[in-house]
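Undergrad: Next input, structure requested:
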Amino acid sequence: MLCFGFFSEKSFAQSYDSALYETVEYRLIGPFRGGRSAAVTGVPGKPNLFYFGATGGGIWETKDGGRHWENISDGFFGGSIGAIEVAQDDPNVIYVGGGEKTVRGNVSSGYGIWKTEDAGKSWKQMGLENGRHIPRIAIHPKDHNLVYAAVLGNIYKPTQDRGVYKSTDGGKTWRKTLFANEHSGAVDLIMDPNNPRILYASTWNVRRTPYSLSSGGDGSALWKSTDSGETWNEISTNKGFPKDTLGIIGVTVSPANSDRVWAIVENKENGGVYRSDDGGETWSNVNDERKLRQRAWYYTRIYADPMDEDIVYVLNVNYHKSTDGGKTYETYNAPHGDHHDLWIAPENPDRMIIGDDGGAQVTYDGGETWSTYYNQPTSQFYRVTTDNSFPYRIYAAQQDNSTIRISHRNEGWSIDEDDWEPTAGGESAHIAVDPKNNDIVYGGSYDGFLTRYNHEKGTVRSVSVWPDNPMGHGAEAMKYRFQWNFPIFFSPHDPNKLYTASNQLHLTTNEGESWEVISPDLTRNDPTKLKSSGGPITQDNTSVEYYCTIFAAAESPVTAGVIWTGSDDGLVHLTRDGGKNWENVTPKGMPEWMMINSVEPSVFDAATCYIAGTKYKSGDFAPYLYKTSDFGKTWKKITNGISAEHFTRVLREDPKRKGLLYAGTETGMYISFDDGANWQSFQLNLPIVPITDLAVKENNLIVATQGRSLWIIDDLTVIHQLASAKGKENFLYKPKDTYRMDGNSRKGSLTSGTNHPNGVMTYFYVKDPAEKEIKLSYLNSKNDTIKAFSNKDKEDKLEVKKGANFHTWDMRGKGAERLKGMILWWASTNAPQAVPGQYKVVLTVGAETFSQTFHIVPDGNSETDIAGMQRQFDFITDVNETVDKAHKSIKKIRKINAQLEAFQKQYKENEQVKDLVEKAKKLSEDFGEIEKALYQTQNKSGQDPLNFPIKLTNKLGHLNSLVGMDDFPPTQQDIAVKDELTQQINVELAKFDTLVSEEIKAFNDQFNAMNLNYLFVEEEKE
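TA: Below is the predicted model:
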């Protein structure tokens, strides 16, 4: 449940009550491989407790020193996190600032200040929503209601909502006490640990546009307050500080000596580490090594050791440690590079947590060893696509890591590292899989880098269109302008045609051996937007800011040669003849300089196309979605129902239901049932996180996020059936086709993704289940019930709640009897999986009955035909019938022997029935011998069969395990062993039947003739 008005309830022209499908869920696939973090903290005196903020993924907590992490902000807020601070006087009080300071090309804003008073169990929004980016928070050590926030503000345009803010009432109200100018916000803030009245802050003139990053200028300064933040004095004009243009500044003060203050300064001529030994009155440049200040806008953080005034850390690509007051530095690496934040335990400087482009890692030995980041599902992904393997795999590129291909499901319990691997391209790639061979993959990266990777051979080849490395140059130096995230896609009509896009569209038909240009420049080609990026001090050109490029392109799946392109400077073009002729079809009235982030040609109509655009890097956070039905002659804006600042990156069409659309925004998911005329939230259980791309495959919806890895909805057929369910008090959805394959879904893992549910996914809706029997029955094609579940049945319990419900049937009927405490070694009593074919599910609600047919289909990797699967089914069924009969006989034996033993105990001193007591003893021994032949009664624990040899039913049940391993029929030797064991079991069962029918009857007759007061009750028949 969201606690703020991001998803307001509205009336839509065509909408469906989410109660009809609320059991549909997004499933986290992973990978568990951390993404960028710019905010970390620990808690003094609590050595195993740490927190980090993901840039897109909310707040995470570990209670075991980084071995496991769990999100604690879901259900309240999410998105990009810039700051976390724990109150010293009450560690249950935590303040969080939204919006990262790492203002790279995929930077995300936050949602103001959030506060918890119960260590993350619940949160409240505490204002400063317009702050956008809050990279530092400081709390008075003895009064957690006195708190300060460094607000960077809107990094895309001038704003008054910048500076240092102060609250004296725990965040209920805020007062701005430091303001440099409308272009410069507060980026660093630290309180003197020995005197909380003294604070240091830095302000930074920074601006990001779609085509540039500017760091430095008027307003960049270092400040000091000595009156609890009420007034501030600029100390960057003091003696020794660089005098020309300043950029970003990081600041820290030594807890061991409050007079010692360090600053790391971005400055063209005199940048580096500065130290003051008089509280900022005078400064000296103690180190100007570029390794400490390279790419300054992305790093520039400095931290003082809490106990030694000569130890200081500087973060950059590596992290650097000085033990001589900041003059010289040794260089170190945490498990992942690009370091952004550090917290050092005040009581133990060897205990630290670091935040970097791989999440957060913990050390207890001063950095000699660190915890892993392969336990954090906070990956930031760009584009997502799939292949046609079985099960199909998902392909995506992770920010500051490799591309991956990852199985969307497997035959195990969860999705872990064994289920994914690197593939073609780099961190920012579009990826395209060869339609003829799923093991050949093409992937891009920055600077026009494009590779062909052959997974089968393990070979990689550069097939870049123009392999002239432009690193460090502005866009004007490029022959072809390839953006950081340039499109790559195959033709849906010709598997030999691979396209990619710079400012022009390129085509290869020989796997990248050569490329043909098939378009003119399809951008505005504005020379004023094609300059070197970086601002007045440090240039930064990685192709992120390369502008006037084709940012999205796709060919119509309906008609070959119909290709749409969208540029990052707001132009839409169309060719209907494979690139010979192009037409500018940009929507009239669409704001200029729009980044067209995705184009979606319709699968139903070649004249129809959808586009999603953003202008957030111009300070406009509005959603922009457009649709044309006439090859771009006219367009309609289709954003009704999407929140005002939920800007849109992607729109995808459902290929099975015309008019059903999905949209991914900065703050969540939306769905439209009427071709975009109206939208409603489709958030369900998805955390609040930026959505970067979507893909629809086999009635699955795959979601790429910026900060929470990959998610998937496993069954869109429920959404397809909502029109039939609408207005019904009770409804049974038709199950989608179910693969007959192994695998299970274990929820709640903190180190691996959730696997696809195994079995028939059954959704149903019951408006009022109170006091009714609700029953789900699964039937074969002959209408024989295979398995039934009921809310009144204790053994086969059906959990039913009011409204939408979900149940998974494992495709198995009732297995063989298995007695309590029975120890079997590698033996199964499970029923076989159902054979592929048509089945039926029946929902009974009181006196009402609903039914739907569904199909079980073969595993796509099966080497066996359906006839072979039927032979397997029959074999295991025969095995189970014999084992079932034997175990039920053992159950009867134990009951009979209990009565025989009771008889012996009661009459052991009675000479009148001495012969009968002896006969009871002999009967008990005979029954026991039968049980011991069928089952090893000495086995009481799992390893006992190594000491006490297994007996007949265990051996026969072993064949169930062996033959049921996969989709193979039994071998001839399986059949031979089954027949031999079955015969031996039947011999023992015949003995049992004889004892019951003859010996027990004779015993009873003799007993009854004596007219005694003990009555032996014969075992009842089942």
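Undergrad: Output the below-cut-off pLDDT ranges for this protein.
TA: The model of the chain has pLDDT under 70 over residues 1-13, 748, 1012-1022.
Undergrad: can you give me the helices in it?
TA: Under the criterion DSSP state H, the chain contains helices at 290-293, 717-720, 722-725, 866-907, 914-934, 952-963, 972-994, 1001-1009.
Undergrad: quick one, which of these is packed in tightest?
TA: helix 952-963 (a mean of 22; mean count of other Cβ atoms under 10 Å). From N, CA and C alone the C-beta is placed, and that goes for glycine too.
Undergrad: Now do that one against helix 914-934, angle only.
TA: 20 degrees (axes from the mean of the first three to the mean of the last three Cα atoms, to 10 degrees).
Undergrad: Could I have the CA atoms of helix 952-963 written out in PDB?
TA: The C-alpha trace of helix 952-963 is given here as PDB (Å, rounded to 0.1, in the frame of the first residue of the first chain):
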ATOM      1  CA  LEU A 952      10.800 -54.600  -0.900                       C
ATOM      2  CA  THR A 953       8.600 -51.500  -0.900                       C
ATOM      3  CA  ASN A 954      11.700 -49.200  -0.700                       C
ATOM      4  CA  LYS A 955      13.200 -51.100  -3.600                       C
ATOM      5  CA  LEU A 956      10.000 -50.800  -5.700                       C
ATOM      6  CA  GLY A 957       9.600 -47.100  -4.700                       C
ATOM      7  CA  HIS A 958      13.100 -46.500  -5.900                       C
ATOM      8  CA  LEU A 959      11.900 -47.400  -9.400                       C
ATOM      9  CA  ASN A 960       9.300 -44.600  -9.100                       C
ATOM     10  CA  SER A 961      12.200 -42.200  -8.300                       C
ATOM     11  CA  LEU A 962      14.400 -43.500 -11.200                       C
ATOM     12  CA  VAL A 963      11.800 -43.500 -13.900                       C
END
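Undergrad: which helices and strands does that helix pack with?
TA: In terms of contacts (3 or more Cβ pairs under 8 Å, 6 or more residues apart in numbering; DSSP states H and E), helix 952-963 is packed against helix 866-907, helix 914-934, helix 972-994.
Undergrad: contacting residues for Asp161?
TA: Residues near Asp161 by Cβ atoms under 8 Å, 6 or more residues apart in numbering: 128, 130-132, 151, 153-154.
Undergrad: now, the most widely separated pair of those residues?
TA: Pairwise distances across the contacts of Asp161 peak at 12.2 Å for Leu128 and Asn154 (criterion: Cβ to Cβ).
Undergrad: Quick check: the residue lying closest to Arg576 once chain neighbours are set aside vs Glu653, distance?
TA: Once flanking residues are discounted, Arg576 sits nearest to Val562: 5.2 Å by Cβ to Cβ, 6 or more residues apart in numbering. Separation of Val562 from Glu653 (Cβ to Cβ, to the nearest Å): 15 Å.
Undergrad: Who has more neighbours out of these two?
TA: The residue with more neighbours, out of Val562 and Glu653, is Glu653; 25 against 21, by other Cβ atoms under 10 Å.
Undergrad: measure the more buried one to Tyr662 for me?
TA: Counting by Cβ to Cβ - Glu653 and Tyr662 are separated by 8 Å.
Undergrad: cool, and Lys166?
TA: Distance from Lys166 to Tyr662, by Cβ to Cβ: 43 Å.
Undergrad: for Ala677, same thing?
TA: Distance from Ala677 to Tyr662, by Cβ to Cβ: 15 Å.
Undergrad: For stretch 414-432, buried residues please.
TA: For stretch 414-432, a neighbour-count test (16 or more other Cβ atoms under 10 Å) marks 414-416, 419-420, 423-432 as buried.
Undergrad: so how far is that stretch off the chain centroid?
TA: Centroid separation for stretch 414-432 versus its chain: 14 Å, with Cα atoms, centre = their mean, to the nearest Å.
Undergrad: Could you number the chain from 23 rather than 1 from now on?
TA: Taking 23 as the first residue, the last one we looked at is stretch 436-454.
Undergrad: what's the span of it, first residue to last?
TA: End-to-end distance for stretch 436-454: 26 Å, by Cα to Cα, to the nearest Å.
Undergrad: next one: stretch 819-835
TA: Per Cα to Cα, stretch 819-835 runs 14 Å from first to last residue.
Undergrad: And that stretch, what's buried?
TA: Neighbour counts over stretch 819-835 (16+ other Cβ under 10 Å) mark 820, 822, 825-829, 831-835 as buried.
Undergrad: Kindly report the same for stretch 52-67.
TA: In stretch 52-67, counting by 16+ other Cβ under 10 Å, buried: 52-65.
Undergrad: and what of stretch 710-719?
TA: Neighbour counts over stretch 710-719 (16+ other Cβ under 10 Å) mark 710-719 as buried.
Undergrad: Output it as PDB, restricted to C-alpha atoms.
TA: Extracted in PDB, the C-alpha atoms of stretch 710-719 (Å, rounded to 0.1, in the frame of the first residue of the first chain):
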ATOM      1  CA  ILE A 710       8.300   1.700  -6.400                       C
ATOM      2  CA  VAL A 711      11.200   1.900  -8.800                       C
ATOM      3  CA  PRO A 712      11.900   3.400 -12.200                       C
ATOM      4  CA  ILE A 713      10.900   1.200 -15.100                       C
ATOM      5  CA  THR A 714      13.300   1.300 -18.000                       C
ATOM      6  CA  ASP A 715      11.900  -1.300 -20.400                       C
ATOM      7  CA  LEU A 716       9.200  -4.000 -20.900                       C
ATOM      8  CA  ALA A 717       8.900  -7.100 -23.000                       C
ATOM      9  CA  VAL A 718       5.900  -9.400 -23.500                       C
ATOM     10  CA  LYS A 719       6.700 -13.000 -24.200                       C
END
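Undergrad: what about that stretch, distance to the chain center?
TA: Taking mean C-alpha positions (Cα atoms, centre = their mean), stretch 710-719 and its chain are 11 Å apart.
Undergrad: which ones are touching the closest residue to Leu846 other than its chain neighbours?
TA: In space, and not counting its chain neighbours, Leu846 is closest to Asn976: 5.0 Å by Cβ to Cβ, 6+ apart. Counting by Cβ under 8 Å, 6+ apart, Asn976 touches 846-847, 849, 957-958, 967.
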